[in-house]
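[1] Need the 3D shape of this:
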Amino acid sequence: MTEFLQTAKENLTFLLTCLGIFAALVLAAWLAQHFLAKDRRGISSARRISYVAMFAAFAAVLMFLEIPLFFAPSFYKIDLSEIPVLICTFYLGPVAGVVCELIKVILKLLLKGTSTAFVGDFANFVVGCALVLPASVIYHCKKSKKTAIIGLAVGTACMTVFGSAFNAVYLLPKFAQLYGMPLDAIIGMGTAVNPSITSVSTLVLFAVVPFNILKGFLVSVITLLLYKRVERLLIRD
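    Here you go, the predicted structure:
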């Protein structure tokens, strides 16, 4: 009974943390959109909702296409699901981007479930927002190709720094706790692919940091290539 209560407490704490961070991200996105974003599109609420849902569905599908990495443990795989989210947030603003990121993860969970005790899915949302939110805010302050590039570069930097620190301080220990796998075993999975990985800090340095840089670079380049083409289609709609 004591073990059951302890597990329930851990799960409840994790759930409340997820809800708190989501609320904070939505608030930050709303404040940024209200006070910083200069662009105001005359799009109806119904159309905004339909666009967010459409991009979230595309993003959820892309979450199923995972690319394994030779330098990281098997549970670190790159997906390109941030591309539709970035296009959505560039077109509709920061709030739409955060909501799209959340719906994407929920759809993936409904279709596939979780293999990481929800920690990986939570990480995908939070770290994805660390890319999407700064990129969107900078782009919407003054919409141009230059600010899009700057925004994506800053977003990639934020995702790399925040994602790496968040993995070290919270995500990896929480994954070990909820998944029931000792942290040493997780580090051992890293050691198997890179002998230089011998601790949480080296796992983050040699696996998480290059993972985030590579993902940020890929989704940024593809978003820059696609956004204006997609925007023209949406404007015609």
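[2] what about the helices in the protein?
    Taking DSSP state H to define them, one finds helices in the chain at 2-35, 45-63, 82-92, 94-112, 119-141, 145-166, 172-179, 183-193, 200-203, 209-236.
[3] for these, which one sits closest to residue 76?
    helix 209-236 (5.3 Å; CB to CB). No exception for glycine: its C-beta is placed from N, CA and C like everyone else's.
[4] Next, the buried residues of that closest one.
    Neighbour-count burial for helix 209-236 flags 209-216, 218-220, 223, 227, 230, 234 (criterion: 16 or more other CB atoms under 10 Å).
[5] Any idea which of the helices of the chain gets closest to residue 69?
    helix 209-236 (6.4 Å).
[6] How far does stretch 85-104 sit from its chain's centre?
    11 Å (CA atoms, centre = their mean, to the nearest Å).
[7] what about that stretch, start to end distance?
    9 Å (CA to CA, to the nearest Å).
[8] So, low pLDDT: which residues of the protein?
    1-11, 37-41, 236-237 (pLDDT under 70).
[9] Nearest residue to the middle of it?
    Computing the C-alpha centroid of the chain and ranking residues by CA atoms, centre = their mean puts residue 128 first, at 1.6 Å.
[10] Roughly how far does it sit from residue 148?
    Separation of residue 128 from residue 148 (CB to CB, to the nearest Å) stands at 18 Å.
[11] before we move on, what about residue 181?
    40 Å.
[12] who's more crowded, these two?
    A direct count of neighbours by other CB atoms under 10 Å for residue 181 and residue 148 places residue 148 higher, at 21 against 14.
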